[in-house]
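Q: I need the structure of the sequence given here:
(2 chains)
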Amino acid sequence: MAAIYLVDVDQTPVYTHYFDISYIPSTVFFFNGQHMKVDYGSPDHTKFVGSFKTKQDFIDLIEVIYRGAMRGKLIVQSPIDPKNIPKYDLLYQDI
Amino acid sequence: MAPAQRCPLCRQTFFCGRGHVYSRKHQRQLKAALERLLPQVEAARKAIRAAQVERYVPEHERRCWCLCCGCEVRKHLSHGNLTVLHGGLLEHLASPEHKKATNRFWWENKAEFQLKEKFLISPQDYARFKKSMVKGLDTYEEKEDEVIKEMAAQIREVEHSRQELVQSVLEPQAVPDPEEGSSALGSWKGTNSLVASTSQQPSYLDLPLTPELDWMETGQPLTFIGHQDTPGIGNIHSGATPPWMVQDEEYSSVNQQIGPSYEEFLKEKEKQKLKKLPPDRVGANFDHSSSTSVGWLPSFGRVWNNGRRWQSRHQFKTEAAARNKQSCKEKKTIVS
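A: Here you go, the predicted model:
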């Protein structure tokens, strides 16, 4: 069963800085204390930036992460359709 | 003895002459072979009434083995990019060579007469098949035309909706985001105005833009909370240690020993020793070559004893002590 925690970015500055959370909402996935990376087709694999289009997308993503983690993988491919993944600009200091 | 003859059905050489074909083994082999061929012929026969036409696929190159003629036959009939299913096999089955070969096969292998008809296709049946094939081709063509019309209608619809979207976006002013960098937004606006002026010519630039617009309009927009970069401290992308793996201050200063202390270790050693039984104990593992003392006796002459051995040993010792004392006293009295 996946546990979902809603974290306020203002109250966790250390983790916000570590995960480089510049846009909210951002979702970070863990399995057994291990941070899981997912290739969404976006530049950042460490978190899912934006909101999910449908509940089923979220459920599918969790299942893929779970299956990959149970096989010992640290990075998995996202099952979400690329058109449902929000686009954002990953600019570094406005370059 | 008859000369050696090879039976191709049983794939063996026999010396029985003509008697082999009547043997059980041969009949069994024959039955199995005909049973293998029958379903294919039946499928082809069904196709006589309703010939199916399909688009060509390399699978349609498959061949089938005709038992009677002893040759490979193409199962389906292909021409260009269309295939008539079971056409090839029907053509072969209707041919006169196949009829002759079937008759010979039946005579040589002494197969059941009634089965022969099932493996033959009459010329009338073949003519019927040809008619249904023509009909099938016509219906296939009609279907293809319909599919093409549908696709065209779909493309027209998509085009129309795209144009409508572009129009609706141009009308309201888009809100510029200061953090995003206005240059990117400006170029996007520029291309859109170009498209608006040449609305007759849909450019491929529209394609990556429209899905983005769809998503951003329907869902909630992202909130930017500021760049999280402090030059000194690393983050996940630079490979710094995660905050949960960083050692606590207090814990690192205090002793980092894990495991039992020396006293605890000695206590454990004592306990282990007590676990072992004493080596002189009477039991199965007793070492008979070891020297034993007088008090080792398994029993001390007691008869009705119940209770532990040490009780009888204790009694024996006290009695022995009393005896010794008495003998000492007697010795003294004699001497004196």
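
Q: next, count neighbours for residue 82.
A: You didn't say which chain, so I picked chain A. 11 (other C-beta atoms under 10 Å in any protein chain shown). C-beta coordinates here come from the backbone N, C-alpha and C atoms, glycine included.

Q: I was after chain B.
A: Taking other C-beta under 10 Å as the neighbour definition, residue B:82 ends up with a count of 17.

Q: can you list the strands that the helix or strand of chain A with the lowest mean pLDDT pairs with?
A: Considering only helices and strands, the least confidently modelled element of chain A by mean pLDDT, DSSP states H and E is strand A:23-24, at a mean of 88. The pairing partners recorded for strand A:23-24 under DSSP bridges are strand B:223-224 (antiparallel).

Q: now the partner strand: how far from the chain's centre is it?
A: Offset of strand B:223-224 from its chain centre (C-alpha atoms, centre = their mean, to the nearest Å): 43 Å.

Q: for the residue in the stretch 1-150 of chain B that chain A sits nearest to, helix, strand, or coil?
A: Sorted by distance to chain A under C-beta to the nearest C-beta, the residues of the stretch 1-150 of chain B start with residue B:150, at 23.3 Å. The local conformation at residue B:150, judged by DSSP: H, G, I helix; E, B strand; the rest coil, is helix.

Q: same thing with the one 5 residues further on?
A: Assigned state for residue B:155: helix (three-state reduction, three-state DSSP).

Q: distance of it relative to chain A?
A: With distances taken as C-beta to the nearest C-beta, to the nearest Å, residue B:155 is found 19 Å from chain A.

Q: looking at this, residue B:128 is in a helix?
A: Yes: the assignment for residue B:128 (three-state DSSP) places it in a helix.

Q: count of neighbours near residue A:14?
A: By the criterion of other C-beta under 10 Å, residue A:14 has 12 neighbours.

Q: residue contacts, it?
A: Neighbour list for residue A:14: residue B:243 [criterion: C-beta atoms under 8 Å, 6 or more residues apart in numbering or on different chains].

Q: check which helix or strand it maps to.
A: Taking DSSP states H and E as the definition, residue A:14 sits inside helix A:13-18.

Q: average pLDDT for the longest strand along chain A?
A: Counting by DSSP state E, the longest strand found in chain A is strand A:34-39. Over the span of strand A:34-39, the pLDDT mean works out to 95.

Q: against which helices or strands is the helix or strand following it packed?
A: As assigned by DSSP H and E, the chain's next helix or strand after strand A:34-39 is strand A:48-49. Contacts of strand A:48-49 with other secondary structure elements, assessed using 3 or more C-beta pairs under 8 Å, 6 or more residues apart in numbering or on different chains; DSSP states H and E, are made with strand A:26-27.

Q: hmm, the strand it packs on touching chain B?
A: No: with C-beta under 8 Å from any C-beta of the partner chain as the criterion, chain B is not reached by strand A:26-27; the gap is at least 9.0 Å.

Q: now do the helix or strand just after that strand: everything it contacts.
A: With elements assigned by DSSP H and E, the helix or strand that comes after strand A:26-27 is strand A:29-31. Defining contact as C-beta under 8 Å, 6+ apart, one finds that strand A:29-31 is touched by A:35-36, A:38, A:47-48, A:62, A:65-66, A:69.

Q: and strand A:29-31, how far from the chain's centre?
A: Centroid separation between strand A:29-31 and its chain, computed with C-alpha atoms, centre = their mean, is 9 Å.

Q: that strand: partners in the sheet, and parallel or antiparallel?
A: Using DSSP bridges, the strands paired with strand A:29-31 in its sheet are strand A:34-39 (antiparallel).

Q: residue B:66 is in contact with residue B:92, correct?
A: Yes: using C-beta atoms under 8 Å as the test, residue B:92 is close enough to residue B:66 to be in contact (6.4 Å).

Q: and what about the most centrally placed residue in chain B, helix, strand or coil?
A: Within chain B, one residue has its C-alpha closest to the average C-alpha position: by C-alpha atoms, centre = their mean, that is residue B:59, at 25.5 Å. Under three-state DSSP, residue B:59 falls in the helix class.

Q: so what pLDDT did the closest residue to residue B:87 other than its chain neighbours get?
A: With C-beta to C-beta, 6 or more residues apart in numbering or on different chains as the criterion, residue B:87 has its nearest non-adjacent residue at 2.8 Å, and that residue is residue B:77. Residue B:77 carries a pLDDT value of 88.

Q: and residue A:76, what helix or strand is that in?
A: strand A:75-77.

Q: burial measure for residue B:14, as a count.
A: Residue B:14 is surrounded by 17 other residues when neighbours are defined as other C-beta under 10 Å.

Q: the helix holding residue A:14 - what's its average pLDDT?
A: The average of the pLDDT scores along helix A:13-18 is 92.

Q: just the CA trace of it, in PDB.
A: Coordinates of each C-alpha in helix A:13-18 appear next as PDB, following Å, rounded to 0.1, in the frame of the first residue of the first chain:
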ATOM      1  CA  PRO A  13      13.700  24.000   3.700                       C
ATOM      2  CA  VAL A  14      16.500  21.300   3.900                       C
ATOM      3  CA  TYR A  15      14.600  18.800   1.700                       C
ATOM      4  CA  THR A  16      13.200  21.500  -0.600                       C
ATOM      5  CA  HIS A  17      16.800  22.500  -1.200                       C
ATOM      6  CA  TYR A  18      18.100  19.000  -1.600                       C
END
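
Q: identify each buried residue in it, please.
A: Of the residues in helix A:13-18, those buried under the neighbour-count criterion (16 or more other C-beta atoms under 10 Å in any protein chain shown) are A:15-18.

Q: thought residue B:280 was touching residue B:292?
A: Yes: with contact defined as C-beta under 8 Å, residue B:280 counts as touching residue B:292 (6.9 Å).

Q: and for residue 45, the neighbour number?
A: I went with chain A, as the question did not name one. Neighbours of residue A:45 using other C-beta under 10 Å come to 17.

Q: please go with chain B instead
A: Using other C-beta under 10 Å, residue B:45 is surrounded by 17 other residues.

Q: let me see the contact set for it.
A: Under the criterion of C-beta under 8 Å, 6+ apart, the neighbours of residue B:45 are B:121, B:125.

Q: how about residues contacting the longest strand of chain A?
A: Counting by C-beta under 8 Å, 6+ apart, strand A:34-39 makes contact with A:28-30, A:45-46, A:48, A:61, A:64-65, A:68-69, A:74-78, B:236, B:242, all of which sit outside it.

Q: report the buried members of the residues you listed.
A: A:28-29, A:45-46, A:48, A:61, A:64-65, A:68-69, A:76, A:78, B:236.

Q: give the contact list for the closest residue to residue B:223 other than its chain neighbours.
A: Distances taken as C-beta to C-beta, 6+ apart place residue A:24 nearest to residue B:223, at 5.0 Å, with adjacent residues excluded. Applying C-beta under 8 Å, 6+ apart, one finds that residue A:24 lies in contact with A:9, B:222-223, B:225.

Q: fine by me, thanks again.
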